[in-house]
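Novice: sequence first, predicted model second:
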Amino acid sequence: MSKVDLINQDLVRERGTCEFDIEELTYYLDGDAAATANRRKLEDKVLSTEGLFDKVPEDFLSHKEKYENAVRKAVLFYRALQNALDPNMSDQEKASTTYRSLLPSAVFKEQSPFTLHVAMFIPAILGQANEEQKKYWLPRASKMEIIGTYAQTELGHGTFIRGLETTATYDPKTEEFVLHSPTLSSYKWWPGSLAHTANYCIVMAHLYSQGKSCGIQPFIVQLRDEETHMPLPGIKLGEIGAKLGFNTVNNGFLGFENHRIARDRMLMKNAQIAKDGTFTKSANNKLTYGTMVYVRVVIVNGMANQLARAATIAVRYSAVRRQSELKPGAGEPQIMDYVTQQHKLYIAIASSHAFSLIAKWLSGKYYKVTGDLEKGNTDELPELHATACCLKAVTTLDTTALIERCRLSCGGHGYMLSSNLPQIYGLATAAFTYEGEFTVLMLQTARSLVKAWEQALAGKPLRPTMSYLTEKKQTAKWSNSIDGIIDSFQRVAVGKLESAVASIKKYSKQGMAPEDAWNMSSVRLVAASEAHGRAVMLSTYKSELERTTTSLSEPLRRVLGYLLHLYAVYWTLEKVGDLLLYTSISESDIQQLQDVYEDLLGKVRPNAVGLVDAFDFRDQILNSALGAYDGRVYERLMEEALKSPLNAEPVNQSFHKYLKPFMQGKL
Ligand SMILES: CCC/C=C/C(=O)SCCNC(=O)CCNC(=O)[C@H](O)C(C)(C)COP(=O)([O-])OP(=O)([O-])OC[C@H]1O[C@@H](n2cnc3c(N)ncnc32)[C@H](O)[C@@H]1OP(=O)([O-])[O-]
Ligand SMILES: Cc1cc2nc3c(=O)[nH]c(=O)nc-3n(C[C@H](O)[C@H](O)[C@H](O)COP(=O)(O)OP(=O)(O)OC[C@H]3O[C@@H](n4cnc5c(N)ncnc54)[C@H](O)[C@@H]3O)c2cc1C
């Protein structure tokens, strides 16, 4: 039998109806053909490593076994990755080669216990350490001679960083800091790798020197002996327990009992402490929060990738699965022929494209502002913070909802862990909370929006992402074009912001304290932030798509155009209530848009499998019985079921112990 014969025939047909060159889209998503080749080469090398894949699926292991197995694989995986990456590559080239690759997903269904080392420990050193500290710590961290994490959150406080209770009190006599956890609620709680993996850690603690508070500062702290791995004296470590996902990430707790560290262990790029305890504060005290801004930017790209993975599984499955009848006697159709199924799935593909372009745009902004910060210019930091907050919040909201929708769209089989959809959901929904909880981040953006509103009223110029606030005060005539839709979303954001500001004023007038008036108006403020986020996302998706597709072939540009259009119309129909309130949209416009939407679903239909194939996830990375390239769904479901340890024996011992005596009335 040839390879083609082994592929499900429905999928073969679907690939035949695709109107564009799938490989061309893969190149576009990666950057160019060379980037695709590099990524594939890297995946080939790393994934051919012996011992990297489980014989017994992770899902059947106990909590402890899962962790131990994950560490075994993490060691093999990172050594293979280090060996596979060309040592002559710059950090930027390495980043672009691994940017769209979900390599770790091939090995860990619930993430690697080294995630925090790469995602936060190294970035925190890069962003918070001075040159001398970087010179010492970065090589050790990059070679993984030490394994680190980022410990900010405490049992009592995650969101409110100023409320953190861990103290670092400077002792000028010994030139040391004394780290202490004064209460149970001050124990660090959540950091990945912290429990049993990491031996070093960035600790965010409240610094006191010369009897005065010097705010929250970062410290690099050795947690465990480098030889024995025993916790150092004065350090209490443990694991926080089983979670909805992330069970192999080894999230831990950490307490200090007057633990002493040397003065040079405070990361001193932004603020410094002199030998005598004199504190020099940073140019902007929010620079200490820089690692979080970086990670929020990175999360948007992570959401694009995870959503693409879920969409690939659900679309391929929907092409293979046949159920019910559309026309009597015509046989069972592929479930993707149901328009409701297309409605569930194609928005996930479009959103992944949108988030991917938005992530690149946001990342460009981040590096521009970081460059400015190096020169002491903090002017654009507030806009970056406000934009990163709402984009991180809205993309995690949508990704969580859409992955769950993909899972539900697979019916019963989507509930199986072997589909991998529950684990992908577990990863995405964690991002809704970590690195700034959704509502909290939305309220940060609202803070900037309210300020911008006041500036607009005072006739002052606004930052680019908010400049529409001055331009869109009048209700525009409705237009069904994409530009018309973007205008209207901006108009909705203006309307919602106006309502929130009016509410704050109303409550203040009634004599409420500003903070209470803010709190009373906060539901409206979050709504205004979401509307702003959606307006920014829509306009950025359109402008970035136009900017980056000029050299693509006509068929590909056409299909990518369908996705943009579908995204815009989908959200118009979702937010029709807001549009009726704040724009001149009419019932007949809505009916017309519904027709346009159905037409777009039909246009995407022949391209759906091609679109998900172009994400170019190899089967190991999808890790799903439902989503493999060959569509052998039922065979794989059975193969996975047979791996259950319960299937190793025909009669389980519980029969003799419990069932039999119970059924015979002896129990
Ligand atoms: C793989 C998984 C890994 C997971 C890891 C984690 O989760 S790690 C743990 C992750 N944990 C979290 O993510 C915790 C989430 N919590 C937080 O980030 C903060 O505590 C807060 C922002 C909610 C409030 O902070 P606060 O009470 O200190 O601030 P405030 O509200 O009083 O505002 C004061 C001013 O500061 C401004 N500003 C604020 N942040 C930034 C910034 N980053 N940059 C620039 N500016 C910023 C703000 O706009 C305002 O400006 P204005 O209006 O005065 O001109
Ligand atoms: C999987 C996972 C991994 C994590 N990894 C790390 C890590 O490696 N390192 C680390 O330091 N931390 C980590 N965290 C912790 C994470 O950053 C925090 O959980 C997160 O910032 C939210 O804080 P919280 O838990 O205190 O939530 P809370 O702030 O207590 O939120 C509870 C509720 O209160 C609401 N709320 C709180 N404040 C306000 C407000 N001002 N206005 C309105 N509503 C409010 C929230 O909206 C939410 O509904 C991780 C968390 C998870 C889930």
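Specialist: Noted; the coordinates are in hand. Numbering: from 1, shown residues only. Ligands and ions are numbered 1, 2, ... in the order given.
Novice: what's the residue of the stretch 451-600 of the chain found nearest ligand 2 in contact with, if anything?
Specialist: Taking CB to the nearest ligand atom, ligand 2 has its nearest neighbour within the stretch 451-600 of the chain at residue 522, 6.2 Å off. In this view, the C-beta of every residue, glycine as well, is placed from N, C-alpha and C. Taking CB atoms under 8 Å, 6 or more residues apart in numbering, we find residue 522 in contact with 443, 446.
Novice: again with residue 374
Specialist: Contacts of residue 374 (CB under 8 Å, 6+ apart): none.
Novice: and the residue of the stretch 451-600 of the chain closest to ligand 2, what's its pLDDT?
Specialist: Listed pLDDT for residue 522 reads 98.
Novice: quickly note the distance from it to residue 508.
Specialist: 14 Å (CB to CB, to the nearest Å).
Novice: now do residue 173
Specialist: Distance from residue 173 to residue 508, by CB to CB: 51 Å.
Novice: which of the two has more neighbours?
Specialist: The neighbour count for residue 173 versus residue 508, taken as other CB atoms under 10 Å, is higher for residue 508 (16 against 6).
Novice: flag every buried residue along the helix or strand where that one lies.
Specialist: Per DSSP states H and E: residue 508 is located in helix 482-509. Buried residues in helix 482-509, counted by 16 or more other CB atoms under 10 Å: 482, 484-501, 503-504, 507-508.
Novice: hmm, the helix or strand just after it touching ligand 2?
Specialist: Next in sequence after helix 482-509, counting helices and strands by DSSP H and E, comes helix 514-520. No - applying CB under 6 Å from any ligand atom, one finds helix 514-520 out of contact with ligand 2, separated by at least 7.6 Å.
Novice: can you tell me how far the closest residue to residue 24 other than its chain neighbours sits from residue 28?
Specialist: Nearest residue to residue 24 in three dimensions, chain neighbours excluded: residue 556, at 5.4 Å (CB to CB, 6 or more residues apart in numbering). Applying CB to CB, the value for residue 556 to residue 28 is 7 Å.
Novice: in the stretch 251-400 of the chain, which spans are strands?
Specialist: 252-256, 259-262, 272-273, 279-280 (DSSP state E, counting those that start in this stretch).
Novice: of all those strands, which one comes closest to residue 594?
Specialist: strand 252-256 (50.9 Å; CB to CB).
Novice: contacting residues around the closest one?
Specialist: 151, 155, 166, 179-181, 186-191, 193-196, 201, 203, 223, 234-240.
Novice: up against ligand 1, what does the stretch 351-500 of the chain have?
Specialist: 381, 382, 385, 434, 435, 436, 440, 444, 447.
Novice: okay, and the helix or strand of the chain with the least pLDDT?
Specialist: Lowest mean confidence among the helices and strands of the chain (mean pLDDT, DSSP states H and E): helix 91-98, at a mean of 68.
Novice: which is the next helix or strand following that helix?
Specialist: helix 103-107.
Novice: how far off centre is that next one?
Specialist: 16 Å (CA atoms, centre = their mean, to the nearest Å).
Novice: show the average pLDDT along it.
Specialist: The model assigns helix 103-107 a mean pLDDT of 91.
Novice: close to ligand 1, is that helix?
Specialist: No - if you take CB under 6 Å from any ligand atom as the test, helix 103-107 misses ligand 1, and the best it gets is 11.3 Å.
Novice: what packs against that helix?
Specialist: helix 33-47, helix 63-84, helix 619-622 (3 or more CB pairs under 8 Å, 6 or more residues apart in numbering; DSSP states H and E).
Novice: the next helix or strand after it near ligand 1 anywhere?
Specialist: Counting by DSSP H and E, the next helix or strand C-terminal to helix 103-107 is helix 115-116. Yes - counting by CB under 6 Å from any ligand atom, ligand 1 has neighbours in helix 115-116: residue 115.
Novice: can you name every helix or strand that helix 115-116 contacts?
Specialist: strand 148-151.
Novice: give me the distance between the strand it packs on and the centre of its chain.
Specialist: 18 Å.
Novice: ok, it near ligand 2 or not?
Specialist: Yes - if you take CB under 6 Å from any ligand atom as the test, strand 148-151 does meet ligand 2, through 150, 151.
Novice: so is the host helix or strand of residue 221 next to ligand 2?
Specialist: Secondary structure from DSSP H and E places residue 221 in strand 212-222. No - shown here: strand 212-222 not in contact with ligand 2 (CB under 6 Å from any ligand atom), separated by at least 11.5 Å.
Novice: give the rounded mean pLDDT of that strand.
Specialist: 97.
Novice: what packs against that strand?
Specialist: helix 122-128, strand 176-180, strand 200-209, strand 259-262.
Novice: so what touches it?
Specialist: 124-125, 128-129, 133, 137, 148, 161-162, 164, 168, 177, 179, 199-208, 232, 259, 261, 265-267, 271, 273, 279, 281, 285, 288.
Novice: what does stretch 114-130 rub up against?
Specialist: Contacts of stretch 114-130 (CB under 8 Å, 6+ apart): 74, 78, 104, 133-134, 137-138, 141-142, 144, 147-150, 191-194, 197-198, 200-202, 218, 220, 249, 267-270, 272, 288, 290-291, 294-295, 298.
Novice: go again with 7 Å.
Specialist: 74, 78, 134, 137-138, 141-142, 147-150, 191-193, 202, 218, 249, 267-270, 290-291, 294-295 (CB atoms under 7 Å, 6 or more residues apart in numbering).
Novice: straight-line length of it, end to end?
Specialist: Stretch 114-130 has an end-to-end distance of 24 Å (criterion: CA to CA, to the nearest Å).
Novice: now find how far off-centre that stretch is within its chain.
Specialist: 17 Å.
Novice: can you check stretch 269-278 too?
Specialist: Worked out by CA atoms, centre = their mean, stretch 269-278 lies 35 Å from the chain centre.
Novice: domain map for the chain?
Specialist: 117-282, 289-631 (automatic domain parsing).
Novice: take those and lay them out in a markdown table including distance to residue 100.
Specialist: Output for the domains of the chain, formatted as a markdown table (distance: least, CB to CB, whole Å):
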| stretch | distance to residue 100 |
| --- | --- |
| domain 117-282 | 16 |
| domain 289-631 | 7 |
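Novice: show me which residues of the protein sit near ligand 1.
Specialist: 115, 119-120, 150, 152-153, 158-162, 192, 286, 289, 292-293, 381-382, 385, 434-436, 440, 444, 447.
Novice: could you rerun that using 5 Å?
Specialist: Contact residues (CB under 5 Å from any ligand atom) of the chain with ligand 1: 152, 159, 161-162, 286, 289, 292-293, 385, 434-436, 440, 447.
Novice: dump the residue contacts of the closest residue to ligand 1 within the stretch 51-200 of the chain.
Specialist: Proximity to ligand 1, evaluated over the stretch 51-200 of the chain using CB to the nearest ligand atom, is greatest for residue 161 at 3.7 Å. Applying CB under 7 Å, 6+ apart to residue 161 gives the contacts 152, 216.
Novice: try it again with 8 Å
Specialist: 152, 204, 216, 289.
Novice: which element, helix or strand, includes residue 637?
Specialist: Short version, using DSSP H and E: residue 637 is in helix 633-642.
Novice: who touches the next helix-or-strand element following that helix?
Specialist: Counting by DSSP H and E, the element after helix 633-642 in chain order, helix or strand, is helix 653-654. Around helix 653-654, nothing counts as a contact under CB under 8 Å, 6+ apart.
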